[in-house]
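**Q** Okay, here's the prediction I keep looking at, along with the sequence it came from:
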Amino acid sequence: MGNKTYLVTGASKGIGRSIAMRLAKDGIQVVLLARQSEELEDACREVQSLSSSSIMIACDLAQSDSIDTAIESFNGIDSIDGIVHNAGTIAPIRPMFEAETDAWERNIQVNITGVQRLTKGLYSKMKASERCRVTTISSGAALRPLHSWSAYCVSKAALDMWSRCLAEEGEKDGITSVAVAPGIVNTDMQLEIRTSSQEDFPMVESFVGYHRDGQLTNPDDVANKLHNLILNHTTEQSGQRFDVREL
């Protein structure tokens, strides 16, 4: 695996950081992409302790210029063997007619439009691999509407279809794509959910209960369960959606 290169977005913390670490344990060169932060720098140092050629790229998927600059940072990388599109945002958690328009549109930009822009910019390097494996992190919210999560539900449903379209169009270039719902994981996103107000999010007490009752999954456990699928999903599996709890 030492000659493989994988890009992981949202790699500074949570599921993305755990996936980056798990890939690095196989000697894979990992490109950690996230907004600039001390957490990103710490994550990169951890990954480099296992895979010294790994690098970090600071990028805000809410900003098109930032994505374009990030794409230029790949100039020294000949091919990309896999991408894990993990970065995402749930905000705004508010009823759809009360949510700020800019926040609603930012969610769509981060969760789907930025994914398309970044992937398109890296297409030539994905094609050069001749066997590029793309994994998108989905959600149960892609399948059903949840009060006050309209932007998140819409963007995750769109991301699932984007993954299927990539599977369809990428086949000729050896590019495959799967979507995976990770379950309820103990991340900053869950903290954001359970600290919402009852007025903004009527189901908040349910999520408080998940945390209180120990029902949240550890990100490292999710990364371990996803690892084989991320590396080795087949052309027959391409275009499918998986649930980590069934792997």
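**A** Received, thanks. Numbering: from 1, shown residues only.
**Q** Name the residues of stretch 128-136 that come out as buried.
**A** The neighbour-count check on stretch 128-136 (16 or more other Cβ atoms under 10 Å) flags 129, 132-136 as buried. In short, each C-beta sits where N, CA and C put it, glycine included.
**Q** Any chance of TSV for these, columns distance to Ala62, secondary structure and pLDDT?
**A** Converted to TSV, these look like this (distance: Cβ to Cβ, whole Å; DSSP: H, G, I helix; E, B strand; the rest coil; pLDDT from 0 to 100):
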residue	distance to Ala62	secondary structure	pLDDT
Ser129	28	helix	97
Cys132	25	strand	98
Arg133	26	strand	98
Val134	21	strand	98
Thr135	22	strand	98
Thr136	18	strand	98
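**Q** Using a markdown table, please lay out the residues you listed together with distance to Ser196.
**A** Shown next, in a markdown table, are those (distance: Cβ to Cβ, whole Å):
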| residue | distance to Ser196 |
| --- | --- |
| Ser129 | 41 |
| Cys132 | 37 |
| Arg133 | 35 |
| Val134 | 31 |
| Thr135 | 28 |
| Thr136 | 25 |
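**Q** Between those, which sits nearest Pro219?
**A** Nearest to Pro219 out of those is Thr135 (Cβ to Cβ; 15.0 Å).
**Q** Wait, that closest one touches Ile230, no?
**A** Yes: between Thr135 and Ile230 a contact is recorded at 4.9 Å, counting by Cβ atoms under 8 Å.
**Q** Please enumerate the shared neighbours of these two.
**A** Listed contacts common to Thr135 and Ile230 are 82, 84; contacts here mean Cβ atoms under 8 Å, 6 or more residues apart in numbering.
**Q** so how far is Ser148 from the nearest residue in space to Ser150 that is not next to it in sequence?
**A** Take Ser150 and drop its neighbours on the chain: the residue closest to it by Cβ to Cβ, 6 or more residues apart in numbering is Met96, 3.9 Å away. Using Cβ to Cβ, to the nearest Å, Met96 is found at 8 Å from Ser148.
**Q** Quick check, central residue of the protein?
**A** Central residue of the chain (Cα atoms, centre = their mean): Asn86, 0.8 Å from the mean position.
**Q** From Leu23, how far off is it?
**A** 12 Å.
**Q** and whichever strand or helix holds Leu229, C-alpha only, in PDB?
**A** Here Leu229 sits within helix 219-232, counting by DSSP states H and E. Extracted C-alpha coordinates of helix 219-232, given in PDB (Å, rounded to 0.1, in the frame of the first residue of the first chain):
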ATOM      1  CA  PRO A 219     -14.900   7.500  15.300                       C
ATOM      2  CA  ASP A 220     -12.000   5.000  15.400                       C
ATOM      3  CA  ASP A 221     -14.500   2.100  15.400                       C
ATOM      4  CA  VAL A 222     -16.200   3.500  12.400                       C
ATOM      5  CA  ALA A 223     -12.900   4.000  10.600                       C
ATOM      6  CA  ASN A 224     -11.900   0.400  11.300                       C
ATOM      7  CA  LYS A 225     -15.200  -0.900   9.900                       C
ATOM      8  CA  LEU A 226     -15.000   1.200   6.800                       C
ATOM      9  CA  HIS A 227     -11.400   0.500   6.000                       C
ATOM     10  CA  ASN A 228     -11.700  -2.500   3.700                       C
ATOM     11  CA  LEU A 229     -14.600  -0.900   1.900                       C
ATOM     12  CA  ILE A 230     -12.700   2.400   1.400                       C
ATOM     13  CA  LEU A 231      -9.700   0.500  -0.100                       C
ATOM     14  CA  ASN A 232     -11.300  -2.500  -1.800                       C
END
